[in-house]
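*Asks:* sequence first, then the predicted structure:
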There are 4 protein chains.
Amino acid sequence: MPLVEGSLEASAKAALDPDVWHYVNRGAGGDVSVDEATAAWRRYRFRPRVLRDVRRVETDLDLFGHWRTPIGIAPSAFHRLYTPDGELATAAAALACGAPMVLSSRTTTRLEEVAAVINGPWWFQVYVMREPSITAATVRRARDAGASALVLTGDTPYVGYVPPTGTARPLPLTDELALANVAEHLPAAGVDDIWELIDQDAGITTDTIGWLANESGLPVIVKGILRGDEAVRCVEAGASGVWVSNHGGRQLDRALPTAQALPDVVNAIAGQVPVIVDGGIRCGADALAALALGASAVFLGRPVIWGLATDGQAGAERVVAAVTDQLRHAMGLAGAVDLAGLDPSLVLRVSAG
Amino acid sequence: MPLVEGSLEASAKAALDPDVWHYVNRGAGGDVSVDEATAAWRRYRFRPRVLRDVRRVETDLDLFGHWRTPIGIAPSAFHRLYTPDGELATAAAALACGAPMVLSSRTTTRLEEVAAVINGPWWFQVYVMREPSITAATVRRARDAGASALVLTGDTPYVGYVPPTGTARPLPLTDELALANVAEHLPAAGVDDIWELIDQDAGITTDTIGWLANESGLPVIVKGILRGDEAVRCVEAGASGVWVSNHGGRQLDRALPTAQALPDVVNAIAGQVPVIVDGGIRCGADALAALALGASAVFLGRPVIWGLATDGQAGAERVVAAVTDQLRHAMGLAGAVDLAGLDPSLVLRVSAG
Amino acid sequence: MPLVEGSLEASAKAALDPDVWHYVNRGAGGDVSVDEATAAWRRYRFRPRVLRDVRRVETDLDLFGHWRTPIGIAPSAFHRLYTPDGELATAAAALACGAPMVLSSRTTTRLEEVAAVINGPWWFQVYVMREPSITAATVRRARDAGASALVLTGDTPYVGYVPPTGTARPLPLTDELALANVAEHLPAAGVDDIWELIDQDAGITTDTIGWLANESGLPVIVKGILRGDEAVRCVEAGASGVWVSNHGGRQLDRALPTAQALPDVVNAIAGQVPVIVDGGIRCGADALAALALGASAVFLGRPVIWGLATDGQAGAERVVAAVTDQLRHAMGLAGAVDLAGLDPSLVLRVSAG
Amino acid sequence: MPLVEGSLEASAKAALDPDVWHYVNRGAGGDVSVDEATAAWRRYRFRPRVLRDVRRVETDLDLFGHWRTPIGIAPSAFHRLYTPDGELATAAAALACGAPMVLSSRTTTRLEEVAAVINGPWWFQVYVMREPSITAATVRRARDAGASALVLTGDTPYVGYVPPTGTARPLPLTDELALANVAEHLPAAGVDDIWELIDQDAGITTDTIGWLANESGLPVIVKGILRGDEAVRCVEAGASGVWVSNHGGRQLDRALPTAQALPDVVNAIAGQVPVIVDGGIRCGADALAALALGASAVFLGRPVIWGLATDGQAGAERVVAAVTDQLRHAMGLAGAVDLAGLDPSLVLRVSAG
């Protein structure tokens, strides 16, 4: 049960092209949000229960599918930047762990191929593109390929500004790879036009939730929520789940750490829909805090990429498995035998220092 | 959209005489206030809204004039210390950005010449001098030259003590330059008498607000406010605006950071008059926090000087433009399309560490 | 009255095999709890009383026996790892100081031999083993050998995961020593089976409290409590005392520091049974804070081991005597002449930094 | 108006014997209280008033005498350790500044000689010795020599333990000097007996307040108060003033910083008697915070000794004068023209970091 710690990150850095490394680990603006995400979880302390029968501790979860772990794989773009098999490796890792995986809209493999590996439910992340028909087509394809939920990214009307560092060369990615998922929907036009068509539509609103649900027939989770009132607004517009995220610190810098935003959202939602969280979670203790605070599931972003970069499918699998094992171990020591046994009284937020 | 960060400050330091650099960046007393001003803004975190149509984000502002940005140029003395064109360069930068500029009483260029560059509204900063007729004459000249508001400095009955450092030579400034704005009002007396006549009057009170308004016919903003009750007292005495400032940490050391004082003042004023703020603001995120907390506009002091020192008008212009661009970018990511869309729920103050 | 500070710890480190040192000082998981335990006590400040007659200050205590000091020796395993006489040295130190000693279930000396040294009351720490008859037999032997209370470890259904460091060799401990206390109850079976029989039973519940009381006729203190509601639950199940502990940071990492958990437990228990505390206490001032907050007694873990490692019985004795002397000195300066004179108003928790 | 900062302390360190330096700067126990005293004042921020007529700012004070400054000289022992003229130099400094001076019971000059220098009111610090007649005689002598108040040290039933450092040689002090103030009251006995007679009486209580008042006819201020209820208890027993102090961190280590204890005491006393404070005050801003929080006067301990060590009377005088000047300067910038114009709304305590 090794921890997912500095050594994995260092291995990934050594394995990756510096520009790719910068792309993976970068934050927006002044890097405040990316830098504090993990420390924000580590401010929580546990208040374990004692003298409970914990011979058997289970982490099973029903959430738009049945999973053996609440530790999921967050959506991220272009996995062939990290390992030759790209998203196929990631999907195989998810399958091996019984973990929920969210496939990005921006993959280097057609979604149908990835879905074939998973052979069961998975979730599809959605950017609404300026040409909405492309988005409509991809979500229908996702549904047809077995997706059980859509994850609408709500925090990215446009991409957050990142100061350039290092060589600032473009990512080593061919157009063919970058367009794998949408190529079939594009007109035979000049390249510049293409990129504009598939760029994010900065004009989408909560109306998009209902539109996606109608197009796909799937439940829609809105990702990028950091406040309770916005979560409620999304649910009122038809969302079937909300995902607390600050986009890994890559969008609005100084956005609240998810560890601090989660309780507000959980409280506002009051059980109407599931609440999911990502951002800075690096080990089972972080995950335990999140689940105790009311998250139904916890998603890993960069750690999975570090695993892919270090050792492909096996690397990603080890990350998800290790965090799951750590979670199960900690649950037992905290006196809980299943996810239903976790509640906010298990955690207390302490001040820094 | 580069950030106004350490590199600009370092360039300015390299460009300036060490004594001038010390004069610019110094704080009073033990440097507590000057050192903590920026960090105080960085304690605020954002609670962005999502799924808003942010295709068009505007930063326009009506505040004793119409401006394209709420990022203004705070008053500071003697711009020819920084660039050969002095205040003419600053004014040209303000004009280019559509930004409000406050011209200091202590300029190295006659105010009429500066006003001619701006070709529109501007604000005039007022020290009441021991010989009040000089002040009266200058504010009338400012009005005649197009000033749309006066900014009465309320926190400087006398200049705060600064421990000497470095060479401690006098500033490289001729009397002619130092007296550019007031020379025409001075008697043909010995130099010592002159400096006494134009020194601050430590005896001014809130009666000065009405006196200035009467002399000039202009609205009077009181600068140097750090508490709600004092803000109210100034408004009751006729102030048309209050400006939260600790004078860049150059007056009473350990005065409250403006980032911490602002909410108290906004709350006490309750919308009666506009509230303005300066102090430690270095980027669009700082500005977004200030505007969300209730400031109508945000003024930059040292960063503009650094810009002037580095590249004259173009340098100052880049500073104001960059902070404006960062603000607009961050507003969109926070779900706001104009300044009216900002409110205190967008920010949360977090503890340090 | 030397302090128990870095120098003792350094001497112990120099005296011990690196693997033993790692075993002693290690924490579980990411070492958060082990690292912050001492600092958590040092956040308390004292509010002394003045002008009290403190010519005579006493530290006597009645708590399942009569003691001359409330500074006790916490249970820890395998003392022959630290000094040739093992638990016999520890017992002699306790006797010399008039201090309560808790003998571990996992000793390198038969409990009867240790009890013979103490020649008076002592407490026996209990792990319920998978083969309960072994536990039942040992607690009856403890009672027969003069134990006046049992301390049931409630926070260890299984041993917390510790990342390996250093050589990661097994502890330099023969089976004969490791099994000294239980050998007589073991079947003549293969070694693997033996270790399984005596491993912790992860299935115990609060029912174990009554079972132990019935088997031994002794009062049962539950150790490992970090929250008031769990303390009450144990008392309702028959516990005669509760012991606030996070197992020296060796079980659930990020469990609340005992310095922070103690007030909640004291408050919930409301005087029904005594509350004991350990974890990070290194000097008389730490102990004074704990006693003022409502602990009846304060136990030392690692410092006693450091004393044993450095100078055997004399080393352990100096540790307990020094902390007792420091406590008595501080009590007088705080205006208290006995333990009954301590109350929560003597302490105030301050923020870090 | 130089600050009393590191450079003075460094000069004093260079000028003094290492053992004397250790004696001056030492704290008790783990040095927590001595180390945090100054930082505790620096947590206060100011909320200045503006637009007040501050052409004339006065620091005059009536407090058991009339003084030109509220910055006093705290009692400390054996000034001939620091400068050849000892307490005579200190008294001359106090006189020059118009500052209240508290003469220690443990002087290296007879109190009558010191009083002759001061030529006006002064205060006498009292330890009640085991032989009370010696104390009674000295307080009568103090009254006869012009003392206007007694300062009873309440926090020292015995001397706080200080871990030895450096050479740990005895102080370079002859018996004749150490006994200057009490020699005339001692029997012609062996030296050991003498030291016992004049040692502190650990048995004194609040009854001592009335006894001292009766013996001397002078008002009695109790020094060493850190909590409101104890302050009230002293006033109920006849105290005419209370002095918030933790004895410079030399008695109970981890006693609350005086900066943090002062508001509680001021609040509990509610104006019945004056409240005085010492501990960690190093500049006018520290003093301004203390006075705004409700202290009537502020006393300097170590800084005066550093001044004496560096330059005798002139050194001590510069310290008191500098802090007074800094205070006056800061008062004006805060909008206050006299001590009556200070109130708690001028300060706000901020968290560290």
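*Replies:* Received the coordinates, thanks. Numbering: from 1, shown residues only, chains lettered A, B, ... in the order given.

*Asks:* drop to CA atoms for contacts and neighbour counts, all remaining ones
*Replies:* Fine.

*Asks:* A:Leu51 - nearest residue in space that isn't next to it in sequence?
*Replies:* Nearest residue to A:Leu51, sequence neighbours excluded (C-alpha to C-alpha, 6 or more residues apart in numbering or on different chains): C:Thr205, at 4.2 Å.

*Asks:* from chain D, how far off is that neighbour?
*Replies:* Using C-alpha to the nearest C-alpha, to the nearest Å, we find C:Thr205 at a distance of 41 Å from chain D.

*Asks:* show me the contacts for that residue.
*Replies:* Taking C-alpha atoms under 8 Å, 6 or more residues apart in numbering or on different chains, we find C:Thr205 in contact with A:Val50, A:Leu51, A:Arg52, A:Asp53.

*Asks:* out of these, who's the most crowded?
*Replies:* Most neighbours among the contacts of C:Thr205, by other C-alpha atoms under 10 Å in any protein chain shown: A:Val50, with 30 neighbours.

*Asks:* so, low pLDDT: which residues of the stretch 51-200 of chain A?
*Replies:* The model of the stretch 51-200 of chain A has pLDDT under 70 over residues A:166, A:168, A:189-192.

*Asks:* okay, strands next: where are they in it?
*Replies:* Taking DSSP state E, counting those that start in this stretch as the test, the strands found in the stretch 51-200 of chain A are A:61-62, A:66-67, A:71-73, A:102-103, A:122-126, A:147-153.

*Asks:* now those as a markdown table including distance to C:Gly160 and mean neighbour count?
*Replies:* Shown next, in a markdown table, are the strands of the stretch 51-200 of chain A (distance: least, C-alpha to C-alpha, whole Å; neighbours: other C-alpha atoms under 10 Å in any protein chain shown):
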| stretch | distance to C:Gly160 | mean neighbour count |
| --- | --- | --- |
| strand A:61-62 | 25 | 16 |
| strand A:66-67 | 26 | 18 |
| strand A:71-73 | 21 | 27 |
| strand A:102-103 | 32 | 26 |
| strand A:122-126 | 34 | 26 |
| strand A:147-153 | 37 | 26 |
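
*Asks:* okay if I get those as a markdown table plus distance to chain D?
*Replies:* Below are the strands of the stretch 51-200 of chain A laid out as a markdown table (distance: least, C-alpha to the nearest C-alpha, whole Å):
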| stretch | distance to chain D |
| --- | --- |
| strand A:61-62 | 41 |
| strand A:66-67 | 43 |
| strand A:71-73 | 35 |
| strand A:102-103 | 39 |
| strand A:122-126 | 40 |
| strand A:147-153 | 35 |
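
*Asks:* quick one, which of the ones you listed is nearest to chain B?
*Replies:* strand A:147-153 (8.9 Å; C-alpha to the nearest C-alpha).

*Asks:* tell me what that closest one is packed against?
*Replies:* strand A:122-126, strand A:220-225 (3 or more C-alpha pairs under 8 Å, 6 or more residues apart in numbering or on different chains; DSSP states H and E).

*Asks:* any part of the first one near chain B?
*Replies:* No - using C-alpha under 8 Å from any C-alpha of the partner chain, strand A:122-126 stays clear of chain B, with a minimum separation of 13.0 Å.

*Asks:* direction included, what does that strand pair up with?
*Replies:* Paired with strand A:122-126 in the same sheet, following DSSP bridges, are strand A:102-103 (parallel), strand A:147-153 (parallel).

*Asks:* list the contacts of it.
*Replies:* Applying C-alpha under 8 Å, 6+ apart, the external contacts of strand A:122-126 come out as A:65, A:75, A:100-105, A:115, A:135, A:139, A:142, A:146-153.
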